[in-house]
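Trainee: Return a 3D structure for these sequence lines:
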Amino acid sequence: MLIPVQITYRDMGESEALSTLIRVRAQRLERYYDRISACRVLVEQPHRHSRSGEHFHVRINLTVPGGELLVEREPTQRSRHEDAYVAVSDAFRAARRKLQDYVRRRRPYKKHHARTPHGRVGKIYSAEGFGFIETDDGREIYFDRRSVLHGAFPRLAIGAKVRFAEESGESGPQASTVELLRGPRVT
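Mentor: A predicted model of the protein is given here:
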């Protein structure tokens with residue numbers, strides 16, 4: 001972080017142990033996003049009711065490129081926030097999730113699928129049960145009757161458009177699967 005963690009205590013005494021926990025948790029946030037420029041944490045004990053216990057309110061404000069992320073943890077009637085350490089830990093877990101969502105939204109990631117190779121049947125030996133595919137770059141890929149999907153081997157003809165998955169064979173490249181593409185029938 002560019003600016004050290006700023007910790008503010010309101011309506012309660014300052015605690016060195018709690019401050020250490022806050023600094024450690026803030027440091028851990030940098031594992032998820034290393035461009036956090038500032039982190040401000042407010043811990044307060046707004047209500048001191050004798051019957052409901054002492055609940056703690058924690059607010060974390062993270063300054064990141066393009067904005068600020070705010071996490072507030074308000075105590076509920078039956079919350080576990082009677083312990084300041086639990087309240088701080090819950091707030092930092094929520095801050096981590098919010099930071100991860102922020103990073104995910106900003107990431108210019110787009111899933112690109114590898115294009116499945118296409119080609120045309122160049123040679124076919126129906127009686128022997130195999131043939132060759134001519135690729136766009138001029139290579140010949142061997143295929144077997146068993147590699148043709150949907151039992152389409154009898155419908156294959158020279159010039160038919162196919163999609164295939166290539167792998168290395170004993171004698172060179174071969175197609176592990178061949179799919180006949182729909183289109184005008186070539187004879």
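Trainee: rest of the way, CA atoms for contacts and neighbours
Mentor: Will do.
Trainee: dump the residue contacts of residue 141.
Mentor: By C-alpha atoms under 8 Å, 6 or more residues apart in numbering, the residues touching residue 141 are 132-135, 166, 173-175.
Trainee: Show me which of those are buried.
Mentor: For those, a burial check counting by 16 or more other C-alpha atoms under 10 Å picks out 132-135, 166, 174-175.
Trainee: can you pull the contacts of residue 164?
Mentor: Neighbouring residues of residue 164 by C-alpha under 8 Å, 6+ apart: 116-119, 175-179.
Trainee: one step back: please identify which of the buried ones among the contacts of residue 141 is nearest to residue 107.
Mentor: If you rank the buried ones among the contacts of residue 141 by distance to residue 107 using C-alpha to C-alpha, residue 166 comes first, at 32.5 Å.
Trainee: secondary structure class for the closest one?
Mentor: Classification of residue 166 by DSSP: H, G, I helix; E, B strand; the rest coil places it in strand.
Trainee: wait, it sits on residue 172?
Mentor: No - counting by C-alpha atoms under 8 Å, residue 166 does not reach residue 172; the two are 10.4 Å apart.
Trainee: Among the contacts of residue 164, name the ones in strands.
Mentor: Residues of these located in strands (DSSP state E): 118-119, 175-179.
Trainee: tell me the phi and psi of the spatially most central residue of the chain?
Mentor: Centroid-nearest residue in the chain, with C-alpha atoms, centre = their mean: residue 104, separated by 7.3 Å. In terms of degrees, to the nearest 10, the main-chain angles of residue 104 are phi -60, psi -40.
Trainee: For it, give me its contacts.
Mentor: Not one residue lies near residue 104 by C-alpha under 8 Å, 6+ apart.
Trainee: and if you look at residue 143?
Mentor: By C-alpha under 8 Å, 6+ apart, the neighbours of residue 143 are 130-133, 174-178.
Trainee: quick one, domains of the protein?
Mentor: Structural domains of the chain, as assigned by automatic domain parsing, span the residue ranges 6-106, 118-180.
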